[in-house]
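**Q** Predicted model follows, preceded by the sequence.
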Amino acid sequence: MIDFSFTEEQELFRQALKDWFERNLPLEKVRENDTKAKIPKELIKGLADLGLLCMTLPEEHGGAGADWVTTTLAAEEIGYWDISIALPVFFLVQASWGYVVDRYATDAVRDAVLRKAARGEAFIGIGVTEPGGGSDVAGFKSTMRREGDYWIVNGEKTYISGTEECKEMGGGYFCNAYHDRSKGHRGMTAFYLPIDAPGVEVTKRFDDMGRMAISTGGFTMNNVKIPLEYQLGEEGWGFYLTMEGFDAARLLVAASCIGAAERALEIGMEYIKERRAFERPLAAFQGIQFELADDYAKLQAVKQLVYKTAWMLDKKYEKAEQGKMPDRSMSLECAKWISMCKLLAPQLAFDIFYDTMLWFGAYGYTKECPLEMGLRGVMSYCIGAEGTMNIQRIVIARELLGREYTRAR
Ligand SMILES: Cc1cc2nc3c(=O)[nH]c(=O)nc-3n(C[C@H](O)[C@H](O)[C@H](O)COP(=O)(O)OP(=O)(O)OC[C@H]3O[C@@H](n4cnc5c(N)ncnc54)[C@H](O)[C@@H]3O)c2cc1C
């Protein structure tokens, strides 16, 4: 038998989040954060007190030991309350990449960043993309060479979420670099990069079009000394750990987009019941009802996909030992499902924000209406944060057809 219900514990958890966010993050506050381009400190503290930050880490490492279904539920809920998507980014980057860092980290990394990030006193992010391109994850230029008990790292990362927050709060990034290019993607190794390490310089903050309250920036690494105890996993595992992190992050991206789209529909429904044209509420026109019904049906379908995929991720990790890569065939099957979520959810959310904005008429084109924040926010996940749509299509096609048809090089 299949059971689609959440546990009582999960329902109580969701209700606790609803109660807290309703009090602490009304839409006016989301607008204020978007305008001021900053997540207020008290919001971060609130997330930490709720046990949401790095909630996927084991309790003994400072997290809440949450499973992926529960973490997905949290991502959906945060997306619902912050439709600008800034807080969801702050949450999901750390829940996913923090988890992967923890799986392969030494206690030195846990003490340096993870325990603090779980308390809201540091930020842990992902620094993979380089000026030369992000889709080709094995095509980057950063290098590392061994010198005694250190790796010496050189390179540049760009379009990186949270650089300003990381600089301000402390913390760092999951990164990787090549030590042996002749081995192709097996010649790269992952490491934890503290943002305040000598030789690291945060270079710029992009003037993004959306999710304004969290920064996107870049940094250079100039002969940065990374102690060997900051290496993540074994030498040559960098590419695989990056894919593992992407999988976790993409699932939570999809859940956040679902939450934001649910809110957009609610905001839209409330409005069309009130607003009148031709002596009737807009809600009485079938032209609008049919659009609502289509959007709602698609949203429920993608939501089921997202939760089934979260369940699959739990199954994958149930069998995976700390510090060892999970079973390869389960990982590949999960990657296919996760890419389906990342392909469909951001685009559907974008379409729903677009549709509901049109219901608002001219008001929908103003910043007095909250919906435009959502359109700008979810767009970041259509365009490419945590991987572009075409990259998701490549992963899905690869698993359907085989690598011989989808080899990148
Ligand atoms: C708001 C935001 C936040 C981000 N945060 C982070 C972060 O925290 N950390 C990080 O490392 N990166 C981050 N990124 C970068 C993101 O991962 C990259 O933008 C993404 O991987 C795409 O890389 P690119 O922008 O260089 O585009 P390109 O790789 O140059 O791709 C451009 C276009 O070509 C298409 N394309 C490329 N290859 C193929 C192919 N083989 N077949 C078909 N089409 C193809 C792509 O789908 C895309 O449409 C962020 C991006 C954004 C927008």
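**A** Done, it's in.
**Q** contacting residues around the residue of the stretch 201-350 of the chain found nearest the ligand?
**A** Evaluated by CB to the nearest ligand atom, the stretch 201-350 of the chain has residue 216 as its residue closest to the ligand, separated by 4.7 Å. From N, CA and C alone the C-beta is placed, and that goes for glycine too. For residue 216, the set of contacting residues under the criterion of CB atoms under 8 Å, 6 or more residues apart in numbering consists of 159, 160, 161, 162, 163, 205, 206, 208.
**Q** Which of these are buried, as a PyMOL select command?
**A** Remark: buried members of the contacts of residue 216, expressed as a PyMOL selection using 16 or more other CB atoms under 10 Å:
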select buried, resi 159+160+161+162+163+208
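**Q** what residues does the stretch 101-250 of the chain put near the ligand?
**A** Listed as neighbours of the ligand in the stretch 101-250 of the chain under the rule CB under 6 Å from any ligand atom: 125-129, 133-135, 159-161, 208, 216.
**Q** 5 Å - rerun?
**A** Taking CB under 5 Å from any ligand atom, the part of the stretch 101-250 of the chain that reaches the ligand is made up of 126, 128, 129, 133, 134, 135, 159, 160, 161, 216.
**Q** Model confidence for residue 46, exactly?
**A** Among the per-residue scores, residue 46 holds a pLDDT of 98.
**Q** Which of the three states applies to it?
**A** Using DSSP: H, G, I helix; E, B strand; the rest coil as the criterion, the local structure at residue 46 reads helix.
**Q** What is the neighbour count of it?
**A** 18 (other CB atoms under 10 Å).
**Q** For it, which non-adjacent residue is spatially closest?
**A** residue 24 (5.8 Å; CB to CB, 6 or more residues apart in numbering).
**Q** what about the strands in this structure?
**A** With DSSP state E as the definition, the chain shows strands at residue ranges 123-127, 143-147, 150-161, 171-178, 188-194, 200-205, 216-227, 231-232, 276-277, 280-281.
**Q** Please compute how far the first one lies from its chain's middle.
**A** Spelled out, that is strand 123-127. Between the mean C-alpha location of strand 123-127 and the chain-wide mean there is a distance of 11 Å, by CA atoms, centre = their mean, to the nearest Å.
**Q** May I have it as PDB, with CA atoms only?
**A** Presented in PDB, the C-alpha positions along strand 123-127 are these (Å, rounded to 0.1, in the frame of the first residue of the first chain):
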ATOM      1  CA  PHE A 123      26.900  30.800   6.200                       C
ATOM      2  CA  ILE A 124      27.800  27.700   4.200                       C
ATOM      3  CA  GLY A 125      27.300  27.900   0.400                       C
ATOM      4  CA  ILE A 126      28.300  26.500  -2.900                       C
ATOM      5  CA  GLY A 127      31.100  28.000  -5.100                       C
END
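**Q** Strand partners (parallel or antiparallel) of that strand?
**A** strand 171-178 (parallel) (DSSP bridges).
**Q** Is residue 391 in contact with residue 135, as I believe?
**A** Yes: at 5.3 Å, residue 391 counts as touching residue 135 under the criterion of CB atoms under 8 Å.
**Q** who has more neighbours, those two?
**A** In terms of neighbours (other CB under 10 Å), residue 391 is the more surrounded of residue 391 and residue 135; the figures are 21 against 13.
**Q** ok, now which ones touch the residue in the stretch 101-250 of the chain that the ligand sits nearest to?
**A** Among the residues of the stretch 101-250 of the chain, residue 134 lies closest to the ligand, at 2.5 Å counting by CB to the nearest ligand atom. Applying CB under 8 Å, 6+ apart to residue 134 gives the contacts 128, 159, 384, 388.
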